[in-house]
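J.: got a sequence here, can you model it:
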Amino acid sequence: MADTLTILIDLTEAEAGLEPEELESRSLDLADELRSGDLADTARLARETDLPGGAKSGLLAFIGGVLTAEVNGENLKKALDFLGNRFYGKTLTLEYEADGLKTILEYKNTKDLEVALAAVQKLENIRIQIKEKS
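T.: Coordinates of the predicted model:
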C-alpha cells in the first residue's frame, strides 16, 4: 500500500436535495473535519481535473459535493471509519484501481469495511461515494 493515497469523496448523491451552496458548505465542513481530526493531510473541494476519466464533471473550477484528500496509508481505515460513522445508515461505495484492475465494493459497517480492505493490498486511486440508504 502506498504511503499517501489520494481519495475522492463524492457526496452529490447522498446530499442530492441540497442547493449547490449548501452542498458546497457541507463539503467544506467535512474537509475541515478530516483535517482537524488528523485523518487527512489535505482535504479540499475537488477540481474538474482531479476527477478520474469517465467521472461526472461540472463547469465549475471547484466541484461542490466532491472532495479530494491526501490520506496517509496508515490512516486509511480511520478515515473510512470516520466517513461510515458520519454517514451512518447510508451505503458507502469504495472504488479502487490497482495494476489495471478496477473494483467497486460497498459497505455499511466496520465489519464490511474490514473485509473490503483485506481484499485490497495495493490501493492507488480511491473514490468514495455515499448513497442514500436503500
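J.: next, the buried residues of the lengthiest strand in the chain.
T.: For the chain, the strand with the greatest residue count under DSSP state E is strand 62-72. For strand 62-72, a neighbour-count test (16 or more other CB atoms under 10 Å) marks 62-69, 71-72 as buried. Just so you know, the C-beta spots here come from the backbone N, C-alpha and C atoms, and that holds for glycine as well.
J.: which one in those residues is the model shakiest on?
T.: Across the buried residues of strand 62-72, the bottom pLDDT score, 66, is held by F62.
J.: would you confirm that D81 contacts L113?
T.: Yes: the criterion here is CB atoms under 8 Å, and D81 meets it with L113 at 6.9 Å.
J.: quick one: which of the two has more around it?
T.: Neighbour totals were compared for D81 and L113, and L113 leads with 19 against 16 (other CB atoms under 10 Å).
J.: coming back round to it: what pairs with the longest strand of the chain, parallel or antiparallel?
T.: strand 4-10 (antiparallel), strand 42-47 (antiparallel) (DSSP bridges).
J.: same for the following helix or strand past that strand, what does it pack against?
T.: Following strand 62-72 in sequence order, the next helix or strand is helix 76-86 (DSSP states H and E). Packing partners of helix 76-86 (3 or more CB pairs under 8 Å, 6 or more residues apart in numbering; DSSP states H and E): strand 4-10, helix 20-36, strand 91-98, helix 110-118, strand 125-131.
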